[in-house]
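# Any chance you can model this:
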Amino acid sequence: MKFETNLGSADRMLRLVLGAALIALAATGVFAPWGYVGAIFVATAFVKFCPLYALVGLKTCKEC
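Coordinates of the predicted model:
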């Protein structure tokens, strides 16, 4: 199954940084449940597709 890209490069970088920070905070025990959210942010950044954006019809990439 192929998904249409809906994340731009700035959005992807923000997701990677925020996701990595949430995973690091979860690993230290500060925000333990938020590690899952961080993992979702990192995964969506790598696949260049956000299911929530698709539901509302939002695209942050210029070339889409």
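# For the rest of this, base every contact and every neighbour count on C-alpha atoms.
Will do.
# And the next helix or strand past the lengthiest helix in the chain?
In the chain, taking DSSP state H as the definition, the longest helix is helix 9-27. The element immediately downstream of helix 9-27 (helix or strand, assigned by DSSP states H and E) is helix 34-47.
# Buried residues in that next one, which are they?
Buried residues in helix 34-47, defined by neighbour count with 16 or more other CA atoms under 10 Å: Trp34, Gly35, Gly38, Ala39, Ile40, Phe41, Val42, Ala43, Thr44, Ala45.
# what about the following helix or strand past it, average pLDDT?
Per DSSP H and E, helix 34-47 leads on to helix 51-56 as the next helix or strand towards the C-terminus. Across helix 51-56, the average pLDDT comes to 94.
# Spatially central, which residue of the protein would that be?
Phe41 (2.6 Å; CA atoms, centre = their mean).
# Would you confirm that that residue contacts Leu16?
Yes - counting by CA atoms under 8 Å, Phe41 does reach Leu16; the two are 6.6 Å apart.
# OK, contacts around the residue lying closest to Ala20 once chain neighbours are set aside?
Once flanking residues are discounted, Ala20 sits nearest to Gly38: 6.3 Å by CA to CA, 6 or more residues apart in numbering. By CA atoms under 8 Å, 6 or more residues apart in numbering, Gly38 lies in contact with Leu18, Gly19, Ala20, Ala21, Leu22, Ile23.
# Phe49: which of the residues you listed is nearest?
Of all the contacts of Gly38, the one with the least separation from Phe49 (CA to CA) is Gly19, at 14.9 Å.
# For Asn6, give me its contacts.
Residues near Asn6 by CA under 8 Å, 6+ apart: Lys48, Phe49, Cys50, Tyr53, Ala54, Leu58, Lys59, Thr60, Cys61, Cys64.
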